[in-house]
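Q: what would the 3D arrangement of this be:
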Amino acid sequence: MRNRYNHGILTNSGPHLYSMDTGGSREQGADAPPVSGYMPRDESAAASAAAGSITRLFSSQPTYSSACLKRSELINRQHLQQQGQIALDEAEKLSFEADWYDNQLEWIATIHQMHGEPVFWDIIAAMAPPFPRGEEGPKEKLAAHNLAAFQPTRIQKLLKQDAMIREELERQVQLAREEDRKDYLQWKAANDFAHDILDGNRTAYLRVLEEMAPLQELAMLGSGLEFSVRSSSEVEVELDVNSQQVIPREAKVRTEGGVASLELSAPERNDLELDYICGSVLRIAGELFALLPLDTVVVQARDTKMNGKTGQEEYLTVLSIRIDRKFIAGHHTGRERSLEVLTHCPHRIAYDPGTGFEPVDELL
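A: Next up is the predicted model:
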């Protein structure tokens, strides 16, 4: 199954998710310890937290930034306006455009500053079953105890309620047995899946990337994504920058007289695109390292650019970068611009503030 998130719309053509094969195990060998991020000191509490996480693994909502939540609000207002449910005068329309522009700048500046909580696959894999297989579960034991301990009172016997109560208690035993069965199957599914992840099963990797959809914010902005599992320790991501949609062409400046539109210069747009691409690369790496026991994430950022020689638009690689888990673990957002920290990772980029990006060869 393939789904593509492009321009914020889920279609049937990708992010494209594919693997070099359909399974496999970790090339590092069976003795290599799984990498799963930070290990909490309180392992009991961590196990409980992990259990809650895995049971909601493919149904929980991702964490969104304030800029993303603001964009959702603006989109809702836009839809209401288009449907004629709200009417805006000229000043309100200009104010809305200024809000949209401000939100776009905030999103570009902060896209790298957050990612989801890590999933501790090793803890999930090590969790004991809720009860030994073949034995009564805790819920059934409690219900059976209540049934065995039932002693009808004289009034219950007099009103002939004892048989009805006993029948209900027997029904509760059956219900409890079914609940225990579901709990056991849920544990087994989570446990088996965690072992698949730790064994480097690439099909399991693709399921995580597809069903958890960790990079919906980039899709909402207009960028497309494509994942390729190179090995159990490395994933390659193609980022379709789509700068024509993501990077604004005009600045919306609030003045005493209203809102003024000022065309952004080429260097200003190029600088915004550079910030967005580098920030997106960090966001992609952070999200994937949080979800999967990877050692490396390779990102190929591509965009449609005009070829000055031919006068034709071409789809080009503008940044190729390899990011290791150790770098992300030591990276603190907010103190350094994403461009500056990315220079510490192996990469290829050809950028000039005046002319923008030139095509580069991809890292292998």
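
Q: Lys160 - how many residues pack around it?
A: A total of 9 residues lie near Lys160 under the criterion other CB atoms under 10 Å. The C-beta positions use only the backbone N, C-alpha and C, and glycine is treated the same way.

Q: strands of the stretch 101-250 of the chain, start to end?
A: Assigned by DSSP state E, counting those that start in this stretch, the strands in the stretch 101-250 of the chain fall at 224-231, 234-240, 250-255.

Q: can you put those in CSV and add mean neighbour count and mean pLDDT?
A: Formatted as CSV, the strands of the stretch 101-250 of the chain follow (neighbours: other CB atoms under 10 Å; pLDDT from 0 to 100):
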stretch, mean neighbour count, mean pLDDT
strand 224-231, 21, 92
strand 234-240, 22, 94
strand 250-255, 14, 91
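
Q: so which of those comes closest to Lys326?
A: Each of the strands of the stretch 101-250 of the chain has some distance to Lys326 by CB to CB; the shortest is strand 234-240, at 14.1 Å.

Q: quick one on the thing from earlier: of the strands of the stretch 101-250 of the chain, which approaches Tyr351 most closely?
A: Nearest to Tyr351 among the strands of the stretch 101-250 of the chain is strand 234-240 (15.6 Å), distances taken as CB to CB.

Q: on that earlier part again, between the strands of the stretch 101-250 of the chain, which one is nearest to Glu362?
A: Across these, Glu362 has its closest neighbour in strand 234-240 (9.2 Å, CB to CB).

Q: within its sheet, name the partner strands of the closest one and how each one runs.
A: strand 224-231 (antiparallel), strand 296-306 (parallel) (DSSP bridges).

Q: how about the helix or strand just after the last one: buried residues?
A: Yep, that's strand 296-306 we're talking about. The helix or strand immediately downstream of strand 296-306 is strand 313-324, counting by DSSP states H and E. Neighbour-count burial for strand 313-324 flags 317-323 (criterion: 16 or more other CB atoms under 10 Å).

Q: which one of those sits closest to Asp192?
A: Within those, proximity to Asp192 (CB to CB) peaks at Ile323, which comes in at 30.0 Å.

Q: can you report how many residues lie near the closest residue to that closest one other than its chain neighbours?
A: In space, and not counting its chain neighbours, Ile323 is closest to Ala285: 4.3 Å by CB to CB, 6 or more residues apart in numbering. The number of residues packed near Ala285 is 29, by other CB under 10 Å.

Q: list the contacts of Ala285.
A: When contacts are counted by CB atoms under 8 Å, 6 or more residues apart in numbering, Ala285 touches 297, 299, 323, 328.

Q: in the longest helix seen in the chain, what counts as buried?
A: Counting residues, the longest helix found in the chain (DSSP state H) is helix 162-198. Neighbour counts using 16+ other CB under 10 Å place 162, 169, 172-173, 176-177, 180, 183-184, 187, 190-191, 193-198 of helix 162-198 among the buried residues.

Q: what bridges to the closest residue to Ser261 other than its chain neighbours?
A: Excluding the flanking residues, the one nearest Ser261 by CB to CB, 6+ apart is Glu250, at 4.9 Å. For Glu250, the beta-bridge assignment (DSSP bridges) gives partners Glu263.

Q: do you know how far Glu250 is from Leu88?
A: The spacing between Glu250 and Leu88, counted by CB to CB, to the nearest Å, is 19 Å.

Q: swap in Asp295?
A: Separation of Asp295 from Leu88 (CB to CB): 51 Å.

Q: so between these two, which is more surrounded?
A: Set side by side, Asp295 and Leu88 show more neighbours around Asp295, with 16 against 13, by other CB under 10 Å.

Q: now the more buried one, nearest residue through space, not along the chain?
A: Spatial nearest neighbour of Asp295, excluding adjacent residues (CB to CB, 6+ apart): Ser233 at 4.2 Å.

Q: look up how far Ile124 lies from that neighbour.
A: For Ser233 relative to Ile124 (CB to CB), the value is 19 Å.

Q: pipe the strands of the stretch 101-250 of the chain into JSON lines and attach distance to Arg77 per row.
A: JSON lines is the format used below for those (distance: least, CB to CB, whole Å):
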{"stretch": "strand 224-231", "distance to Arg77": "25"}
{"stretch": "strand 234-240", "distance to Arg77": "27"}
{"stretch": "strand 250-255", "distance to Arg77": "16"}
